[in-house]
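Just a sequence and a predicted model for now, questions to come.
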Amino acid sequence: MPELPEVETTRLGISPHLIGQKIREVIIRRFDLRQPVSENLSELEGATFTAIKRRSKYLLLETNTKQVILIHLGMSGSLRIVPPSEDWKKHDHIGITIGKNLQLRYHDPRRFGLFLRIAASEVKTHPLLINLGPEPLEADFTAAHLHAALKGKSIPIKVAIMDAKIVVGVGNIYASESLFRSGIHPLLPSNKLTKPRTEKLVAAIREVLTESITQGGTTLRDFLKSDGEPGYFKQRLFVYDRKGEPCRVCKTPISHQVLGQRATYWCGKCQRR
């Protein structure tokens, strides 16, 4: 599943092509995504994109009509910029023609994504967005916030930092990598995390996500950047998907366990409870 860095990479990739451009045509080939595509999406023809933002793993395409296109890439979705004349792939479901000769094409083989039209005034109160925690790369995500959010929680720390009500966008890959960098065992009960270790974890989360965005997102089978090229942060992973391989720091074999229905990886020597 595309995680925050992949979504942010997509945002950065499509923004220069969309901002200031008028929507000439909306083409919907399939409506049956995780939720049905908004039937009134085509009413945005003639509107102009004014900003492309991200909230957690959601993209918010703002227009001058105070209407927003809310997109979630789901398990396998991607966006790319193509000429309108380019042949449609089998799983290309939506096209938004912009400017003179460009089209934003939405591709989603598993159709678990979302493509909704909402009012700008709904963004903060929309059911999909209202309960989201702070953005991990913004100022309100602090060690004090995280420590307070974890107080009284006995769930494993890896499960906690993947809870979007506590902090958004720390998906499975980046949770494992952040815990490794901060030296924290993923099974540590959340309420046992000391304030100094919380500070290390917050710093590691910021570091891992920033590096991943800079590198272009993690290479996953279903993810492509807007220019059609895969991201390549996976080359820098220390523990994720490296079961039994030697730790890059101490050579201890990487451990693996399914935790909260997600594959979890750690080094038994570098990471402590």
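Structure's in. What do you need? Residues are numbered from 1 along each chain as shown.

L4 contacts I173, correct?
No: using C-beta atoms under 8 Å, L4 makes no contact with I173, being 10.2 Å away. C-betas here are computed from N, CA, C, even on glycine.

Which one's more surrounded, those two?
Counted by other C-beta atoms under 10 Å, L4 and I173 do not tie: I173 has more neighbours, with 25 against 22.

distance of the more buried one from R111?
23 Å (C-beta to C-beta, to the nearest Å).

And L4, by the same measure?
22 Å.

Equivalent analysis for E245, please.
E245 sits at a distance of 34 Å from R111 (criterion: C-beta to C-beta).

tell me which element I254 falls in.
strand 254-259 (DSSP states H and E).

what does A263 give?
Per DSSP H and E: strand 262-267 holds A263.

Give me the buried stretch members for that strand, please.
Neighbour counts over strand 262-267 (16 or more other C-beta atoms under 10 Å) mark T264, Y265, W266, C267 as buried.

Could I get the contacting residues of the first one?
Listed by C-beta atoms under 8 Å, 6 or more residues apart in numbering, the contact partners of T264 are K158, N172, S176, P186, H256, Q257, V258.

And these, which is the shakiest by pLDDT?
Ranked by pLDDT, the contacts of T264 bottom out at N172, which scores 92.

What sits closest to that one if chain neighbours are left out?
Leaving aside its sequence neighbours, N172 sits nearest to R262 (C-beta to C-beta, 6 or more residues apart in numbering; 4.8 Å).

One more: A160?
S190 is the one closest to A160 (C-beta to C-beta, 6+ apart), at 4.4 Å.

Check R30 too.
Nearest residue to R30, sequence neighbours excluded (C-beta to C-beta, 6+ apart): H93, at 4.3 Å.

In contact with that neighbour: list those residues for me.
Taking C-beta under 8 Å, 6+ apart as the test, what H93 contacts is I28, R29, R30, L33, V37, Y106, H107, D108, R111, F115.

try it again with 6 Å
R29, R30, Y106, D108 (C-beta atoms under 6 Å, 6 or more residues apart in numbering).

Including distance to S121 and neighbour count, could those residues go into TSV?
TSV is the format used below for those (distance: C-beta to C-beta, whole Å; neighbours: other C-beta atoms under 10 Å):
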residue	distance to S121	neighbour count
R29	30	12
R30	29	15
Y106	25	24
D108	28	25
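
What separation is there between the nearest residue to C267 once chain neighbours are set aside and I254?
Of all residues beyond its chain neighbours, the one nearest C267 is C247 (4.2 Å), with distances taken as C-beta to C-beta, 6+ apart. Distance from C247 to I254, counting by C-beta to C-beta: 6 Å.

Spell out which residues are contacts of both of the two.
C267.

what are the ranges of the strands in the stretch 51-200 of the chain?
Secondary structure of the stretch 51-200 of the chain (DSSP state E, counting those that start in this stretch): strands located at 58-63, 67-72, 78-82, 92-98, 102-107, 114-119.
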